[in-house]
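K.L.:
sharing a model prediction with you, sequence too.
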Amino acid sequence: MSALILLIVVGLMLALGVFALGAAWLMPASGVGTRLRHMLGEPVAAPAPRPKVAAMVEAVLKPAAKLLPASSKDSSRTRRWLIQAGFREPQYASLYFGLRTLLALLLPGLVVILGWGERAPMLLVLGALLGWTLPRFLLKRRVAARALRLRLSLPDALDLMVICVEAGLGLDQALQRVAQELKSLHPELCGEFELLVLEMRAGSPRSEALRNLSQRNEVDDLRALSAVLIQTDRFGTSVTQALRVHSESLRVERRQRAEEAAAKLSIKMLPVLALFIFPAIMIVVIGPAVLALIRNLGAAIH
């Protein structure tokens, strides 16, 4: 009986090992899969060529950005939002302003073509306002969504970073290792870590690179992590202990945010209950009694 159990356990372990190797091989963004391909001499897939549609869209939007030039303050603020959304290339700013200008001109033109402008002239103004504000609204939504993904992925990265530092790696090597191992799960955070490592390799001081990380994203958790690492580097304290304490505090804060969202749920449900569910319940419960009362009073009156 023990030999049969041992045989089953060994078979399951072999099956799990084959499954893990196959998953790492098939996942293109996995660091393990890339190392396996290098070990076996397989060519690594090159990035896909740029599609012609993107080039055509860029050729249309860049001239449109020059029709309504933005101020320097608006340009710097939009550039900061684009970086926070993950668009670091400089051409995205001109594409963004070109899209705003094009939509602000096309939507009123669409209203005129459909013949709605003569009957409702305010639709022209509303179409222009919608075309001008819609790209900014979508950009802010993307910034908020990316910040949420960074905030949720940071505790896992900190745990792996603590393991790497305890194994003997320096902070720079630990950041690079975390960026390699978690790239398929948390690509945004790993991209920020890779950029941080590149800045330090290029000669920037660690404190300046960490400040750039916090300014680039403006996420409270990343800002706190940068402050902790800067203080650790300045005062010479233990990096492992600082990362472990910060990881535990982030998990406590994450749990508190979940409890806060659960507590807010009952308040958010009140308008739905008052406007939709409560009237339906009142109609079902009191409706037959009201109908019977009206029927009896009508018979008594007549």
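P.N.:
Nice, thanks for sending it over.

K.L.:
which ones are touching the most centrally placed residue in the chain?
P.N.:
Nearest residue to the geometric centre of the chain (CA atoms, centre = their mean): R146, 2.2 Å. Neighbour list for R146: 84-86, 188 [criterion: CB atoms under 8 Å, 6 or more residues apart in numbering]. For glycine as for every other residue, the C-beta is placed from the backbone atoms N, C-alpha and C.

K.L.:
just the closest of the residues you listed to L134, please.
P.N.:
A85 (15.1 Å; CB to CB).

K.L.:
might you list the low-confidence residue ranges for this protein?
P.N.:
Along the chain, the parts satisfying pLDDT under 70 run over 1-70, 117, 302.

K.L.:
pull the distance from stretch 294-302 to the chain's centre.
P.N.:
64 Å (CA atoms, centre = their mean, to the nearest Å).

K.L.:
residue boundaries of the helices in the stretch 101-250 of the chain?
P.N.:
Assigned helices in the stretch 101-250 of the chain, in chain order: 116-119, 122-166, 171-181, 187-201, 206-217, 220-235, 239-272 (criterion: DSSP state H, counting those that start in this stretch).

K.L.:
nearest to K73, of the ones you listed?
P.N.:
The nearest among the helices of the stretch 101-250 of the chain, by CB to CB, is helix 122-166 at 14.4 Å.

K.L.:
report the inter-axis angle for the closest one versus helix 239-272.
P.N.:
Orientation note: helix 122-166 sits at an angle of 150 degrees relative to helix 239-272 (axes from the mean of the first three to the mean of the last three CA atoms, to 10 degrees).

K.L.:
for ChimeraX, write a command that selects the buried ones of the contacts of R146.
P.N.:
Per 16 or more other CB atoms under 10 Å, the buried members of the contacts of R146 correspond to this ChimeraX selection:
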select :84,85,86
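
K.L.:
of the contacts of R146, which belong to helices?
P.N.:
84-85, 188 (DSSP state H).

K.L.:
in a markdown table: the helices of the stretch 101-250 of the chain, plus distance to L99.
P.N.:
Shown next, in a markdown table, are the helices of the stretch 101-250 of the chain (distance: least, CB to CB, whole Å):
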| stretch | distance to L99 |
| --- | --- |
| helix 116-119 | 23 |
| helix 122-166 | 5 |
| helix 171-181 | 32 |
| helix 187-201 | 23 |
| helix 206-217 | 23 |
| helix 220-235 | 28 |
| helix 239-272 | 33 |
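
K.L.:
quick one: closest of the ones you listed to S72.
P.N.:
helix 122-166 (17.3 Å).

K.L.:
and the angle from that closest one to helix 206-217?
P.N.:
Going by the same axes, to 10 degrees, helix 122-166 makes 150 degrees with helix 206-217.

K.L.:
distance between stretch 88-97 and the chain's centre?
P.N.:
A distance of 19 Å separates the centroid of the chain from that of stretch 88-97, by CA atoms, centre = their mean.
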